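**Student:** below are the sequence and a predicted model; questions follow.
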2 protein chains.
Amino acid sequence: MSDIGIKDLAKHLGISTASVSRALNRPGRVSEAMRERVQTAADKLGYRTNMLGSSLRTSRTRNIVAIIPDLSDTFNSGVIRSMEATAAKAGYSILFGDSQGIRDREMQYGNLVQHKQADGVIFFSARPPFEDSLLESDSFRPPPMVNSCEVVSSDGFLIQDHRIPYVTIDNILAAEEVVTHLIELGHKRIAIITGGSTSPSSQQRLKGYQKAHKKAELALDKELIFEGQYTLDAGESLTREILQLKDRPTAIFCMCDESALGCLHTLRQQGFNVPDDIAVAGFDDIRFANYTDPPLTTVAQPVTELGKRCIEILIKLIEKKPVEETQVILPHKLIVRGSTKKPV
Amino acid sequence: MSDIGIKDLAKHLGISTASVSRALNRPGRVSEAMRERVQTAADKLGYRTNMLGSSLRTSRTRNIVAIIPDLSDTFNSGVIRSMEATAAKAGYSILFGDSQGIRDREMQYGNLVQHKQADGVIFFSARPPFEDSLLESDSFRPPPMVNSCEVVSSDGFLIQDHRIPYVTIDNILAAEEVVTHLIELGHKRIAIITGGSTSPSSQQRLKGYQKAHKKAELALDKELIFEGQYTLDAGESLTREILQLKDRPTAIFCMCDESALGCLHTLRQQGFNVPDDIAVAGFDDIRFANYTDPPLTTVAQPVTELGKRCIEILIKLIEKKPVEETQVILPHKLIVRGSTKKPV
DNA sequence: TAATAAGCGGTAAACGTTTACAACCAATTG
DNA sequence: CAATTGGTTGTAAACGTTTACCGCTTATTA
């Protein structure tokens, strides 16, 4: 019973391996009697297809690589979870890599598909996880891939004039809405804690911040822009810096909720009241956002849908089915809670 | 340049595939000149070993399956992240499955190793992810596996009198310490929100709760035990129930920090002051625990070490190296913060 | 100098599947 | 009744590696 192969099964039934294979994978190309006979024998003997043999022959692994900058981030892990669920439903498994934002590590995971250990890639970064020389080479045959969340331009990334599908939200608009919300409340000095200058989503949210100011004909003060990261720590420490400004802002927009939690913490520690002294807004609507004191005003991203669509598109690509929409921009939603109020 | 195989490389160099293979994987079995010649040619032509062929031949995939009940849980995702990092360093990739605690799904992922898509398994549940009939069968040759966090007994799970290695903390002791801490502060009525009756870690923490009471000769009140889950929601809603008790407790021990956050939220909503009206303690020390108001008293689990040790042991098992310690109990640490204080 | 060893490279057989192709049989057709 | 068709199964060649085994050359030893 331990590790029986297709040959053993065939011999045991007195038929050819071809018939076994067909009975198992291609019902219809085999008589019903045969299909049943093989199936029950397979069950009884505990036959498990050795996928290595199968994959080698068919060059399909049913594995997908997902490369994430930080798996422990609440927003990311939500997306991944959804990806995994969607993939599993379609019979695919997810190999994942936490790149920590380091390009070398991204490429290391990208290699998995070049080594034929996976059929396609999802990446959360600006560039596909392949060496630049490859990306620029004409002979490069890019594997199925989908770009998620960190999309550079509305054209997507181009390889040989062919765009890579992506799924994201409109970061510019979303940030603009947050900031406009603050401006409409009456705030004039709004500090911002970014996600880092190398992150496309952060760049875009910054653009939204600027657009909102421009539209409201509000002057932009460079001093109010604090380059951070998408982390609790960044929010905490940069808020300390913000509080040292002579002309203190009346609102702080954090580009992710984790930073906003750090921000709230520092404000509380230093005796500031939110939202009366300072208003705070976040981004992502992680599940903790509703549990802070006061609850956090933020932008909800469609986490589940984001993951689901990525995988759906990727699988279509892998299976060479037509994919109707290759540039997906999902709706976000401004969620106003207690952390923002008009300045007193 | 697109997809060159070992044969192409061999032909291009006018040597046999055997030499190419040896030059690449077994330096020392080949002259230095040869090694170098092959290496540079491989680099230049962009040769990538097809791991399917290799794996088929060697029956080693360098993949590991990790089966988690809930990937988006902050504690879990921290452990996974550490696992991934450790595995990557050793040249392994992690295939992960979010089982949502459903046994069928666990087995579905367990199948991956039976289908030879992975070399070993890490599981976070009480039973190995294989069908019961298999587990009980004498002919079952269990694959390398390690049990993490949710360990049933100090013997580990037995298969054919052979114990499965595990890595965990002493949940009983840790919970006992939390509750003793509360008792020493002067609390006499301590409610508890569990992680669910099917979770071994929850059962053990409950045992610790009981032990602490016994040791302090404090009566146990069944009414104070609330069966929950390891989630925010459970903490939130069960706290509402707790507050309806006629004889209200002065402290609440939540078996995970997420529940504690939910608990704090409900308390705040209903106008209770923590810790003055009611003290709250959690478990896990997720990174948000220090950012709540007041900061949460909790038990720190060695998240990174937990993940690291699991993978290290598993890899030793896979590579048939001797593993000195198969039952690892890592140290935890009670972290007292502002959410617990003596009752007023 | 002959015998032995050591170093290196090639030959070819696996590993476990899937699938073109061919072969067979029975049923249908003209 | 011969020819054709359709349904079903078997044969055997791949897929891309690794590695046991063998043989060649050169160095070492007695």
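**Tutor:** In hand now; what should we look at? Numbers count the residues shown, from 1 in each chain, chains lettered A, B, ... in the order given.

**Student:** all helices of the stretch 51-200 of chain A, in order?
**Tutor:** When assigned using DSSP state H, counting those that start in this stretch, the helices of the stretch 51-200 of chain A occupy the ranges A:51-58, A:74-89, A:103-114, A:132-136, A:171-185, A:200-215.

**Student:** from the rest of the structure, what touches stretch A:27-38?
**Tutor:** A:9, A:13, A:15, A:19-20, A:22-24 (Cβ atoms under 8 Å, 6 or more residues apart in numbering or on different chains). (Each C-beta comes from the backbone N, C-alpha and C, glycine too.)

**Student:** and stretch A:133-150, by the same measure?
**Tutor:** A:79, A:113-114, A:119-128, A:130, A:156-157, A:159-160, A:162, A:164-168, A:199-201, A:306-307, A:310-311, A:313-314, A:317-318, B:1-3, B:46.

**Student:** one more: stretch A:301-321?
**Tutor:** Outside stretch A:301-321, the residues that reach it (Cβ under 8 Å, 6+ apart) are A:60, A:64, A:75, A:78-87, A:90, A:92, A:119-122, A:144-146, A:148-149, A:165, A:167-169, A:283-285, A:322-323, A:325-326, A:328, A:330-332.

**Student:** try it again at 6 Å.
**Tutor:** A:78-79, A:82-83, A:86-87, A:90, A:119-120, A:122, A:144, A:146, A:148, A:165, A:167, A:169, A:284, A:323, A:328, A:330, A:332 (Cβ atoms under 6 Å, 6 or more residues apart in numbering or on different chains).

**Student:** and the residue of the stretch 201-344 of chain A at minimum distance from DNA strand D, how many neighbours does it have?
**Tutor:** Nearest residue of the stretch 201-344 of chain A to DNA strand D: residue A:318, at 17.5 Å (Cβ to the nearest atom of the strand). Using other Cβ atoms under 10 Å in any protein chain shown, residue A:318 is surrounded by 20 other residues.

**Student:** related to what we said a few turns ago, please check the contacts of stretch A:301-321 and keep the buried ones.
**Tutor:** Buried by 16 or more other Cβ atoms under 10 Å in any protein chain shown: A:78-79, A:82-83, A:86-87, A:119-120, A:122, A:144, A:146, A:148, A:165, A:167, A:169, A:284, A:323, A:328, A:332, out of the contacts of stretch A:301-321.

**Student:** so which residues on chain A come close to chain B?
**Tutor:** A:1-2, A:48, A:50-53, A:55-56, A:71-72, A:77-78, A:81, A:84, A:93, A:95, A:98, A:114-117, A:139, A:141, A:232, A:261, A:265, A:268, A:287, A:291, A:293 (Cβ under 6 Å from any Cβ of the partner chain).

**Student:** enumerate the positions of stretch A:60-76 that are buried.
**Tutor:** Those would be A:61-76, for stretch A:60-76 by 16+ other Cβ under 10 Å.

**Student:** report the two of these separated the most.
**Tutor:** A:61 and A:74 (30.0 Å; Cβ to Cβ).

**Student:** make JSON lines from the helices of the stretch 51-200 of chain A and add mean pLDDT and distance to residue A:276 to it.
**Tutor:** Listed next are those as JSON lines, based on pLDDT from 0 to 100; distance: least, Cβ to Cβ, whole Å:
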{"stretch": "helix A:51-58", "mean pLDDT": "97", "distance to residue A:276": "61"}
{"stretch": "helix A:74-89", "mean pLDDT": "97", "distance to residue A:276": "27"}
{"stretch": "helix A:103-114", "mean pLDDT": "96", "distance to residue A:276": "44"}
{"stretch": "helix A:132-136", "mean pLDDT": "92", "distance to residue A:276": "51"}
{"stretch": "helix A:171-185", "mean pLDDT": "98", "distance to residue A:276": "12"}
{"stretch": "helix A:200-215", "mean pLDDT": "98", "distance to residue A:276": "23"}
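
**Student:** out of those, which is closest to residue A:253?
**Tutor:** Among those, the nearest to residue A:253 by Cβ to Cβ is helix A:171-185 (5.8 Å).

**Student:** same for that closest one, what does it pack against?
**Tutor:** helix A:200-215 (3 or more Cβ pairs under 6 Å, 6 or more residues apart in numbering or on different chains; DSSP states H and E).

**Student:** show residues contacting the helix it packs on.
**Tutor:** With Cβ under 6 Å, 6+ apart, helix A:200-215 has contacts from A:126, A:150, A:152, A:171-172, A:175-176, A:179-180, A:192, A:194-196, A:220, A:255.

**Student:** mind redoing it with 7 Å?
**Tutor:** A:126, A:149-152, A:171-176, A:179-180, A:183, A:192, A:194-196, A:220, A:253, A:255, A:283 (Cβ atoms under 7 Å, 6 or more residues apart in numbering or on different chains).

**Student:** same check on stretch A:275-290?
**Tutor:** A:74-75, A:178, A:182, A:187, A:205, A:250-257, A:260-261, A:263-264, A:267, A:272, A:274, A:294-301, A:335, A:338-341, A:344, B:232, B:261, B:288.

**Student:** now it: mean pLDDT?
**Tutor:** Averaging pLDDT along stretch A:275-290 yields 97.

**Student:** same check, this time on stretch A:151-169
**Tutor:** 91.

**Student:** thinking again about what came up before, now the buried members of the contacts of stretch A:133-150.
**Tutor:** A:79, A:113-114, A:119-128, A:130, A:156-157, A:159, A:164-168, A:199-201, A:306-307, A:310-311, A:313-314, A:317-318, B:46.

**Student:** so which of those belong to strands?
**Tutor:** Taking DSSP state E, the ones among the buried ones among the contacts of stretch A:133-150 that sit in strands are A:120-123, A:159, A:166-168.

**Student:** within reach of DNA strand D, which of the contacts of stretch A:27-38 are there?
**Tutor:** Intersecting the contacts of stretch A:27-38 with the contacts of DNA strand D gives A:15, A:19, A:22 (criterion: Cβ under 7 Å from any atom of the strand).

**Student:** quick one: residues contacting the closest residue in space to residue A:307 that isn't next to it in sequence.
**Tutor:** Leaving aside its chain neighbours, residue A:307 sits nearest to residue A:82 (3.0 Å; criterion: Cβ to Cβ, 6 or more residues apart in numbering or on different chains). Taking Cβ under 7 Å, 6+ apart as the contact definition, residue A:82 lies against A:303-304, A:307-308.

**Student:** return the nearest residue of the stretch 51-200 of chain A with respect to DNA strand D.
**Tutor:** Nearest residue of the stretch 51-200 of chain A to DNA strand D (Cβ to the nearest atom of the strand) works out as residue A:57 at 3.7 Å.

**Student:** lovely, talk soon.
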